[in-house]
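Colleague: I would like to see how this sequence folds:
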Amino acid sequence: MPDKGPTPKNLAQRFFDLCLLLLGGIIALWVALQFLAQFWGWIALIAVLVTAIWALVQVLRARRNRW
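Modeller: Residues are numbered from 1 along each chain as shown. Sure, this is the predicted structure:
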């Protein structure tokens, strides 16, 4: 007896699945933003420090390489 593939879903089942996926995506996005909000200040500080160090290195290279 061969196994049949999955039965085709009707429109209501597909709509319900879509709603669950959207709800899961919204919850995941909300959790990610809440997690990011805890570290936002530190991330900004690290970005500023990295940019300042990169700029300092570029200025020092330009002063040494005048040719």
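
Colleague: how much space between V59 and Q38?
Modeller: Using C-beta to C-beta, to the nearest Å, V59 is found at 34 Å from Q38. From N, CA and C alone the C-beta is placed, and that goes for glycine too.

Colleague: for V50, same thing?
Modeller: Between V50 and Q38 the computed distance is 20 Å (C-beta to C-beta).

Colleague: try V31
Modeller: When C-beta to C-beta is the yardstick, V31 and Q38 sit 11 Å from each other.

Colleague: same thing with L20?
Modeller: Applying C-beta to C-beta, one obtains 28 Å for the distance of L20 from Q38.

Colleague: same question, L56
Modeller: Applying C-beta to C-beta, the value for L56 to Q38 is 30 Å.

Colleague: Local confidence estimate at G41?
Modeller: Predicted confidence (pLDDT) at G41: the value is 87.

Colleague: Which helix or strand contains it?
Modeller: G41 is part of helix 11-64, with elements assigned from DSSP states H and E.

Colleague: Mind giving me the packing neighbours of that helix?
Modeller: Judged by 3 or more C-beta pairs under 8 Å, 6 or more residues apart in numbering; DSSP states H and E, helix 11-64 is in contact with no other helix or strand.

Colleague: Now stretch 45-56: buried residues?
Modeller: Along stretch 45-56, no position meets the burial threshold by neighbour count (16 or more other C-beta atoms under 10 Å).

Colleague: any idea of the mean pLDDT in it?
Modeller: 96.
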